[in-house]
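[1] okay, predicted coordinates and the sequence, questions at the end:
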Amino acid sequence: MRRSRTIVGVTSAQGVPFLKGHGTENDFVIIPDPDGTLDLSPEAVARLCDRRAGIGGDGLLRVVRSAAHPEARAMAAEAEWFMDYRNGDGSIAEMCGNGVRVFARYLEHAGLVEPGDFAVATRAGVRTLHLAKDGGDVTVGMGKAEVPEDSESEVTVGVDGADGRTWSARRIGMGNPHAVAFVEDLADAGKLYEAPDVTPVSAFPDGVNVEFVVDRGPRHVAMRVHERGAGETRSCGTGACAVMVATARRDGARPGRDGLPATYTVDVPGGRLVITERADGEIEMTGPAVIVAEGRIDSSLLP
Ligand SMILES: N[C@@H](CCC[C@H](N)C(=O)O)C(=O)O
């Protein structure tokens with residue numbers, strides 16, 4: 001991709017600029033809106049993310065200066081840029097782990113950050129990122145996982161007509177809500193055309209992302225995910241972190257023992273993520289992030 005040092009203003013006569021990127025095939029429409037002037041309704045987001053009539057994406061990343069966004073102003077001293085993340089159906093989510101790596105790659109692509117360490121503001125708080133100099137993988141500090149004392153839940157699939165299956169699941173918060181179920185075979189989750197039923201419903205007042213996990217080897221698992229607001233996707237970064245934490249708890253691999261971090265490889269349909277829980281409980285995720293296209297949005301999609 002050609003590297004650019006400027007952001008074109010969103011009021012350009014030829015249409016609003018966009019880019020497309022993905023992290024382990026979790027794909028995003030990226031819209032630079034540094035001054036936060038774009039009125040991005042849920043309907044507009046859903047149109048842009050539509051895979052047939054729009055650009056297509058699991059979600060959308062609006063790139064806004066923290067100082068220009070009411071939800072991020074308080075974080076502006078720590079992080080210049082705010083990731084305004086939206087799910088493909090237009091709903092708002094607190095955090096996106098693959099998205100924040102792609103967001104960082106965009107900032108580098110646009111010449112807004114240099115490789116090395118920097119911070120990005122998200123609805124889940126400030127996240128620190130490390131961009132390697134060679135355009136390689138991106139590492140993000142995802143914060144600490146929330147594992148409620150009583151985190152037992154149940155996940156049921158089969159609401160799409162297949163035979164119903166139910167598994168116990170663990171609730172994990174990674175800034176956004178997750179339910180992690182260990183299964184014998186990833187195919188057991190079925191087609192996932194419909195959202196799995198997750199109980200108790202009261203534990204997930206804002207909906208939930210659901211991960212299905214199988215073992216692949218020592219400290220190595222594979223997962224599928226049904227994302228809130230997007231359906232089944234090829235990857236979910238926060239979901240992979242939730243899976244890592246649930247698996248480490250199951251394995252008794254608590255970090256802090258001997259002062260050593262616990263590291264797991266998590267395979268997703270779209271690639272591989274490496275996730276570490278440090279001795280202090282901080283989760284770090286490393287994985288790819290690429291920009292694949294850029295262009296301008298027709299006014300029919302953003303009237
Ligand atoms: N794909 C993301 C998660 C996006 C948000 C999620 N669908 C939600 O509603 O919480 C990731 O990589 O973490």
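    Looks like it came in fine.
[2] near the ligand, which residues of the stretch 51-200 of the chain? Just list them.
    59, 87, 93, 96, 97, 98, 99, 176 (Cβ under 6 Å from any ligand atom). For the C-beta atoms, the positions are set from N, CA and C on the backbone; glycine is no exception.
[3] so, low pLDDT: which residues of the stretch 51-200 of the chain?
    Low-confidence regions of the stretch 51-200 of the chain, defined by pLDDT under 70, span residues 159-163.
[4] the closest residue in space to residue 175 that isn't next to it in sequence: neighbouring residues, count only.
    Nearest non-adjacent residue to residue 175, counting by Cβ to Cβ, 6 or more residues apart in numbering: residue 124, 2.8 Å away. By the criterion of other Cβ atoms under 10 Å, residue 124 has 21 neighbours.
[5] contacting residues around residue 124?
    Residues near residue 124 by Cβ atoms under 8 Å, 6 or more residues apart in numbering: 94, 95, 143, 174, 175, 176.
[6] of those, which belong to helices?
    The helices, defined by DSSP state H, take in nothing from the contacts of residue 124.
[7] out of the residues you listed, which is most surrounded?
    Neighbour-wise, the contacts of residue 124 (other Cβ under 10 Å) top out at residue 174, 28 neighbours.
[8] now it: closest residue in space that isn't a chain neighbour?
    Take residue 174 and drop its neighbours on the chain: the residue closest to it by Cβ to Cβ, 6+ apart is residue 238, 4.0 Å away.
[9] that neighbour belongs to a strand?
    No - going by DSSP: H, G, I helix; E, B strand; the rest coil, the assignment for residue 238 is helix, not a strand.
[10] that one reaches residue 95, doesn't it?
    Yes - with contact defined as Cβ atoms under 8 Å, residue 238 counts as touching residue 95 (5.6 Å).
[11] any common contacting residues for those two?
    Common contacts of residue 238 and residue 95 (Cβ under 8 Å, 6+ apart): 174, 175, 176.
[12] pick out whichever of these sits closest to residue 233.
    Taking Cβ to Cβ as the measure, residue 233 sits nearest to residue 176 out of the shared contacts of residue 238 and residue 95, at 13.5 Å.
[13] contacting residues around the most centrally placed residue in the chain?
    Geometric centre of the chain, nearest residue: residue 96, 2.6 Å, by Cα atoms, centre = their mean. Residues near residue 96 by Cβ under 8 Å, 6+ apart: 26, 28, 59, 61, 83, 85, 122, 176, 237, 238.
[14] same check, this time on residue 299
    By Cβ under 8 Å, 6+ apart, residue 299 lies in contact with residue 15.
[15] my read is residue 213 is in a helix, agree?
    No - Residue 213: not assigned to a helix; according to three-state DSSP it is strand.
[16] that one bridge partners, please.
    On the basis of DSSP bridges, residue 213 is bridged to residue 182, residue 223.
[17] what is the burial count for it?
    27.
[18] now it: how far from residue 188?
    According to Cβ to Cβ, to the nearest Å, residue 213 stands 11 Å off from residue 188.
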